[in-house]
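1. Got a predicted model here, sequence first, then my questions.
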Amino acid sequence: MSIHIDPLEKRWISVIGGILIITWAVIVYYAAVDDVSPPSNVEVIDSSKLHLASGVGGGEFMEKNLGVKQDAQGNITVTMVAARYGFYPLHVDVPVNTPIKFRMASFDVLHGVLAPFSNLNVMIVPGYVSEITTNFTKEGDFPLICHEYCGQGHAYMYGMIHIVPKDQFKPKMGVK
């Protein structure tokens, strides 16, 4: 028994197939030209032990170690934890026009971090450390918004980045 397919349906199948091929080709082209790739720093962690001294990096995500750190070379790292329903620490101060490395981990479920009007936009997947480096070019306050639904309190999950002049910057550790 053979199946009869109407000629009009055959044309639509061809059109849809062509659109899929063109879309795939455009994605591959821009991935190659713009060097788009997934993050290269895949760092696996045990989310249930973030708060312990035996966690990642000897307790990098312990409450007392969260916040803004500056090393001897002047590199700035912000270490944060996302958990229902907030970012910890809730507020961080960073200097303007300085590369800032954010290292974030999730204690519980999938979260996302977006700072509107900046290029800070990252997913925080439980079991992995998310790392992104950005540079804020103007002073002021940037809200941190969770853009991945994480439960009933999702709408109340926020944080704040305060961009200060370089001469007023002082690294602060610990959750507030």
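-> Everything's here; your move.
2. Okay, now the unreliable bits of the protein?
-> The chain contains residues with pLDDT under 70 at 1, 35-41, 53-58, 173-176.
3. try it again with 90
-> Where the chain drops to pLDDT under 90, the residues are 1-5, 27-28, 30-66, 70-74, 83-86, 107-108, 117-121, 125-128, 148-158, 166-176.
4. what sits against the spatially most central residue of it?
-> Note on the chain: the residue nearest the mean C-alpha position is Val122, at 1.8 Å, using C-alpha atoms, centre = their mean. The contact partners of Val122, by C-beta atoms under 8 Å, 6 or more residues apart in numbering, come to Phe102, Met104, Gly112, Val113, Ser130, Ile132. (Glycine included, C-beta is placed from N, CA and C.)
5. For it, identify the helix or strand it belongs to.
-> strand 121-124 (DSSP states H and E).
6. okay, that strand in PDB with CA atoms only?
-> The C-alpha coordinates for strand 121-124 follow below in PDB (Å, rounded to 0.1, in the frame of the first residue of the first chain):
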ATOM      1  CA  ASN A 121      24.400  37.500  31.200                       C
ATOM      2  CA  VAL A 122      25.100  34.000  32.300                       C
ATOM      3  CA  MET A 123      23.400  30.800  33.400                       C
ATOM      4  CA  ILE A 124      24.300  29.300  36.700                       C
END
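7. Direction included, what does that strand pair up with?
-> strand 111-114 (antiparallel) (DSSP bridges).
8. What lies in contact with the strand it pairs with?
-> Under C-beta under 8 Å, 6+ apart, the answer for strand 111-114 is 82, 87, 102, 104, 120-124, 130, 144-148, 150, 157.
9. Give the buried subset of the residues you listed as a PyMOL selection command.
-> A single PyMOL command is used to select the members of those judged buried by 16 or more other C-beta atoms under 10 Å:
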select buried, resi 82+87+102+104+120+122+123+124+130+144+145+146+148+150+157
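10. The contacts of strand 111-114 in strands, which ones?
-> Ala82, Phe87, Phe102, Met104, Asn121, Val122, Met123, Ile124, Ser130, Leu144, Ile145 (DSSP state E).
11. Quickly name whichever of those residues is closest to Asn75.
-> Proximity of the ones in strands among the contacts of strand 111-114 to Asn75 (C-beta to C-beta) peaks at Phe102, which lies at 12.4 Å.
12. Dig out what that closest one forms beta bridges with.
-> Bridge pairing for Phe102 - DSSP bridges - gives Val78, Ile132.
13. Checking Ala32 next. Helix, strand or coil?
-> helix (DSSP: H, G, I helix; E, B strand; the rest coil).
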